[in-house]
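Fold the stuff below for me.
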Amino acid sequence: MKKNMGSLDRVLRVAAAVLVAVLYFTGVISGTVAIVLGIVAAVFILTSLVGTCPAYLPFGLSTRGNS
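As a prediction, the model looks like this:
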C-alpha cells in the first residue's frame, strides 16, 4: 500500500491513542466507551506504524505532502 500519512498525522494519532490509554488506566473511561475507544486507539497505532490510512484511500486523501 502506498503511504498516505504525514508525520504530523502519525504523531497526532499516537498521541490520541496514548490519551485513551491514560484515561482507561486512570479509570476515567470504562465499559463500552473504553472498549470502543480502545479499538479506535489500536487502529490509530497500527495505521501510524504502517503509514497508511485505509479511510483516506477512497477519497484520494494524503497528508504526506509532495514526497
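
drop to CA atoms for contacts and neighbour counts, all remaining ones
Noted.

where are the low-confidence patches of this structure?
67 (pLDDT under 70).

check contacts around the spatially most central residue of the chain.
Centroid-nearest residue in the chain: F44, 2.0 Å away (criterion: Cα atoms, centre = their mean). By Cα atoms under 8 Å, 6 or more residues apart in numbering, the residues touching F44 are R13, V14, A16, A17.

And for G38?
A17, V20, A21.

Now intersect these with the helices, please.
Mapping the contacts of G38 onto helices (DSSP state H) picks out A17, V20, A21.

Reformat those residues as CSV; add distance to L49 and neighbour count.
Output for the ones in helices among the contacts of G38, formatted as CSV (distance: Cα to Cα, whole Å; neighbours: other Cα atoms under 10 Å):
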residue, distance to L49, neighbour count
A17, 12, 21
V20, 17, 20
A21, 17, 18
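
which element is N4 on?
Assigned by DSSP states H and E, N4 falls within no helix or strand.
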